[in-house]
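Engineer: I need the structure of the sequence given here:
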Amino acid sequence: MRVALLTYSTKPRGGVVHTLALAEALARLGVEVDVWTLGRGGDTGFFRPVDDRVGVRAVPFADLGPDEPFGERIARSIDVLGTAFAPERAAYDVVHAQDCLSTNAALRSGPCLRTVHHLDTFTTPELVACHERAIVAPSALVCVSAAVAGEVRAGWGREPTVIPNGVDAARFEAGAADQVGRLRWRRTLGHYVLAVGGIEPRKGTLDLLEAYSLLHAERPDVRLVLAGGETLFDYRDYRGAFEARAADLGLAPTILGVVEDAALPALVAEAAVLPFVSTQEGFGLAALEALAAGTPVVARDLPVLREVLGDAVSYAAHPAAIAAALDRALDDPPDPSPGRFLARGFSWDAAAAAHLELYDRLG
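Structural biologist: Okay, here's the model as predicted:
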């Protein structure tokens, strides 16, 4: 069997992490897999090395600068990826897109399967159309949690197949044991709470800032650290609001941007707590990675996170409650064993086997 997985970026976003891990697990099962993506900013590969058994097809995508209207950039992204992929489509038995942009690109030349990691709400017309078509037009849908599958069922009447993500638990457990790496982060950052992801509405970053302002009043020695790159989508206004509010509060969060992949597990393991306060999520991969590293997690009280994370984390629904939960975790860190056990239960090999079963069933 030959499979094409399509994603929109080479950067370490959750859907891209999923795509690469799934591709490598499929390759371990003997599947021929190519991952197609847009190579923005001159990228010719992904943010981390990829198993040699996986083909990487990074399609060059020119940066036209900040003056290019956002909607036009979305349309151009779909066109560039779709045009490059179309002549190669016949080589694949399965075409499986991982986000709305790559789904629309794949659909230009034929049917495809799509994974819905989470649902978004957009206002840009091009993105609204992209999002809608990427749910109604694919031949079949996969969701990484039952909660998101339920949202798709309620909103569109479609019945996705639920296949949970895997977690590279061993990698983050090794980060906990990496005393040299952890010391490096401790010397650089001191005592810190860590959020992983961009500064954007879906990640609840402004709520986290408000929670941290309450925590900081009681614990001025604890730093707020943000790690991760920005998404494709245009959240400059939101980031501007975040920076303005931080200035109003007299706070200076440490914004690391994209962290080298090899250094990430130690960064997560050294954090005192990981706040995971997204307003929308599909699974909670970063939270499970933190649990594997032995780091306590304070999560937004969402049905999907209750489904995946269970009793292994603390929950909070608003900034004051988030601050209180962070304070409790700092005072009395929970036993890491249940979280590690939970993370170990999600296997990429199991996810790949479930995907293969689906591919065979779809014929």
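Engineer: Report all helices and strands that the helix or strand in which Ala154 is found contacts.
Structural biologist: Taking DSSP states H and E as the definition, Ala154 sits inside helix 146-156. Applying 3 or more Cβ pairs under 8 Å, 6 or more residues apart in numbering; DSSP states H and E, one finds that helix 146-156 contacts helix 125-136, strand 140-143, helix 303-309. The way it works is simple: take the backbone N, C-alpha and C, and place the C-beta from them, glycine included.
Engineer: Run a quick neighbour tally on Arg89.
Structural biologist: When neighbours are defined as other Cβ atoms under 10 Å, Arg89 has 16 of them.
Engineer: re the thing from before, tell me the mean pLDDT for the helix holding Ala154?
Structural biologist: Computed over helix 146-156, the mean pLDDT rounds to 97.
Engineer: now that helix: how far from the chain's centre is it?
Structural biologist: 19 Å (Cα atoms, centre = their mean, to the nearest Å).
Engineer: what does stretch 313-323 give?
Structural biologist: 21 Å.
Engineer: quick one: contacts of it?
Structural biologist: 207-208, 210-212, 214-215, 275-277, 287, 291, 296-301, 305-306, 324-325, 328-329, 334, 339 (Cβ atoms under 8 Å, 6 or more residues apart in numbering).
Engineer: again, only using 6 Å
Structural biologist: Asp207, Glu210, Ala211, Leu214, Leu215, Val277, Val297, Val298, Ala299, Asp301, Ala325 (Cβ atoms under 6 Å, 6 or more residues apart in numbering).
Engineer: Next SSE downstream of whichever strand or helix holds the fourth one?
Structural biologist: Per DSSP H and E, Leu214 falls inside helix 205-218. On the C-terminal side of helix 205-218, the closest following helix or strand by DSSP H and E is strand 222-227.
Engineer: Pull up the pairing partners for that next one, direction included.
Structural biologist: strand 191-196 (parallel), strand 254-257 (parallel) (DSSP bridges).
Engineer: In JSON lines: the ones you listed, plus mean neighbour count.
Structural biologist: Converted to JSON lines, the strands paired with strand 222-227 look like this (neighbours: other Cβ atoms under 10 Å):
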{"stretch": "strand 191-196", "mean neighbour count": "23"}
{"stretch": "strand 254-257", "mean neighbour count": "14"}
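Engineer: would CSV of those strands with mean pLDDT be doable?
Structural biologist: Shown next, in CSV, are these (pLDDT from 0 to 100):
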stretch, mean pLDDT
strand 191-196, 97
strand 254-257, 94
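Engineer: Now distance to Val144 too, for those strands, in TSV please.
Structural biologist: Listed next are these as TSV, based on distance: least, Cβ to Cβ, whole Å:
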stretch	distance to Val144
strand 191-196	17
strand 254-257	26
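Engineer: For Ala352, find the nearest of these.
Structural biologist: strand 191-196 (24.1 Å; Cβ to Cβ).
Engineer: Buried deepest among the helices and strands packed on helix 146-156, which one?
Structural biologist: strand 140-143 (a mean of 22; mean count of other Cβ atoms under 10 Å).
Engineer: Can you report how many residues neighbour Ala146?
Structural biologist: Counted with other Cβ under 10 Å, Ala146 comes out at 16.
Engineer: picking that back up, buried ones only from the contacts of stretch 313-323, please, as a PyMOL command.
Structural biologist: Per 16 or more other Cβ atoms under 10 Å, the buried members of the contacts of stretch 313-323 correspond to this PyMOL selection:
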select buried, resi 207+210+211+214+215+277+297+298+299+325
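Engineer: would Glu281 count as being in a helix?
Structural biologist: No. Under DSSP: H, G, I helix; E, B strand; the rest coil, Glu281 falls outside any helix and is assigned coil.
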